[in-house]
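In: Below are the sequence and a predicted model; questions follow.
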Amino acid sequence: MTGQSLIQKLPKTELHLHVEGSIEPQQVIEFARRNQVDFPYATVEELIAIYEFENLAGFGQVYRTNSTVLLTRQDFYELTVAYMRRVRLDNVRHVEIAFAPQGASSRGVSPEMALEAVLDGFEATAAELGMTGGIIVGCQRNRGLDDGLKMLEQVRPYRDRIMALGLASMEVGYPPRLFERLFNEAREWGWKTVAHAGEEGPPEYIWEALDILKVDRIDHGVRCDEDPRLMARLAEEQVPLTVCPLSNVYLKVFPSIDKHNIARLLRAGLLVTINSDDPPYFGGYVNENFAQCQTALGLTDEEIVQLARNSFIGSFLDEDARQGYLAEIEAVVAAELNPIAEMNA
Ligand code: ADE
Ligand code: ZN
């Protein structure tokens, strides 16, 4: 069978997605008009002409400019709903969506209002589409520890509706160890924890995220292959890595998709997953990331299936729900990869 249809048929999760980064260019223009924002680009064409990034910092500038159109409850609600409807078409069944309240605060937008809208949008759409998942509240590391602690206090009223704490934004110069107190507090609340590390930052940041922040999962983590001891540990402990292949190419972490190390990490026994990060900026949603990796890196059908399994294994689903999704994957495998064995069974 062709790779595309296997990828489509497999149930999958998305574990690394910034909801503000899921804004489509048409939505940027529409929200700017609706909110009467003095925005530098009038059309989709003008806007997407600037979607060329030297690195994470260059991307961050465009991301922040586009985020200035996100002002009202309706904006955050519609953004979340649109993302979930879109990925459901990729047969993504479970989503763990990151939202950064500090980004809203920095623009004079109420972080509580924005978070509530994201939570409402997620909960309503999960019920409507039969999806599972949750919201990860992301700390923006470039704003420092004290601002992160303030943000955590602001979201306290919503703590039972939130799944995890994350750590994102500019990596280099903001090592995970600076955020130990924040992560201790979140863990005491019963939250899961994740952190971006080893995207542009060195392997030491992955060690710190594991040993000091005690995270359950690493976002990106692709620079682990510079450190054989770290590779061995990640394989041994089966620490999930939420890899975003197309993001890594657009942000020049790898020069092209055929140079990406995800196949090597998978074959070394690491628990890698495929995610989209900020899909409209990086050329595709989850299935596009799977398809381009399969074509460029020669992933076998069995490896594609393993990546779909990994996406559930690395998720924060409870064990029963996880096993239910994994059984659905095995049913697809039986029907699509072993049709003769199935017929004779
Ligand atoms: N925020 C949105 N996308 C990001 C990325 N790729 N790395 C760090 N922070 C981000
Ligand atoms: Zn990210």
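Out: In hand now; what should we look at? Remember, it's a predicted structure, so these values are computed and weren't measured experimentally. Residues are numbered from 1 along each chain as shown. Ligands and ions are numbered 1, 2, ... in the order given.
In: Report the rounded mean pLDDT for stretch 292-302.
Out: The average pLDDT for stretch 292-302 rounds to 98.
In: May I see the buried residues of it?
Out: The neighbour-count criterion (16 or more other CB atoms under 10 Å) identifies 292, 293, 294, 296, 297, 299, 301 as the buried residues of stretch 292-302. C-beta here means a position set from N, CA and C on the backbone, and glycine is covered the same way.
In: would you turn these into CSV with distance to residue 132 and secondary structure?
Out: Shown next, in CSV, are these (distance: CB to CB, whole Å; DSSP: H, G, I helix; E, B strand; the rest coil):
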residue, distance to residue 132, secondary structure
292, 26, helix
293, 24, helix
294, 26, helix
296, 31, helix
297, 29, helix
299, 26, coil
301, 26, helix
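In: Mind jotting down where the strands sit in the stretch 1-150 of the chain?
Out: Secondary structure of the stretch 1-150 of the chain (DSSP state E, counting those that start in this stretch): strands located at 12-18, 92-99, 132-140.
In: The first one vs ligand 1: in contact?
Out: What that stands for is strand 12-18. Yes - Strand 12-18 lies within reach of ligand 1 by CB under 6 Å from any ligand atom, at residue 18.
In: just checking, what packs against that strand?
Out: Judged by 3 or more CB pairs under 8 Å, 6 or more residues apart in numbering; DSSP states H and E, the packing partners of strand 12-18 are strand 92-99, strand 217-220, strand 241-243, strand 272-274, helix 286-297, helix 301-313.
In: again, 7 Å this time
Out: Secondary-structure packing of strand 12-18 (3 or more CB pairs under 7 Å, 6 or more residues apart in numbering; DSSP states H and E): strand 92-99, helix 301-313.
In: who touches residue 306 in this structure?
Out: The neighbours of residue 306, taking CB atoms under 7 Å, 6 or more residues apart in numbering as the test, are residue 266.
In: most packed of the strands of the stretch 1-150 of the chain?
Out: Compared across these, strand 12-18 shows the largest average neighbour count, a mean of 29 (mean count of other CB atoms under 10 Å).
In: How many residues are close by residue 154?
Out: Counted by other CB atoms under 10 Å, the residues lying close to residue 154 total 18.
In: Just to be sure, it is in a helix?
Out: Yes - per DSSP: H, G, I helix; E, B strand; the rest coil, residue 154 lies within a helix segment.
In: which non-adjacent residue is nearest it?
Out: residue 111 (5.4 Å; CB to CB, 6 or more residues apart in numbering).
In: how much space between that neighbour and ligand 1?
Out: 16 Å (CB to the nearest ligand atom, to the nearest Å).
In: again with residue 332
Out: For residue 332 relative to ligand 1 (CB to the nearest ligand atom), the value is 30 Å.
In: same question, residue 96
Out: 14 Å.
In: isn't that residue right up against residue 136?
Out: Yes - using CB atoms under 7 Å, residue 96 makes contact with residue 136 at a distance of 5.7 Å.
In: which neighbours do those two share?
Out: Common contacts of residue 96 and residue 136, defined by CB under 7 Å, 6+ apart, comprise residue 163.
In: thinking again about what came up before, pull the number of nearby residues for the residue nearest to residue 154.
Out: Residue 111 - counted by other CB under 10 Å - has 20 other residues nearby.
In: residues contacting it?
Out: Residues in contact with residue 111 (CB under 7 Å, 6+ apart) are 101, 104, 105, 151, 154.
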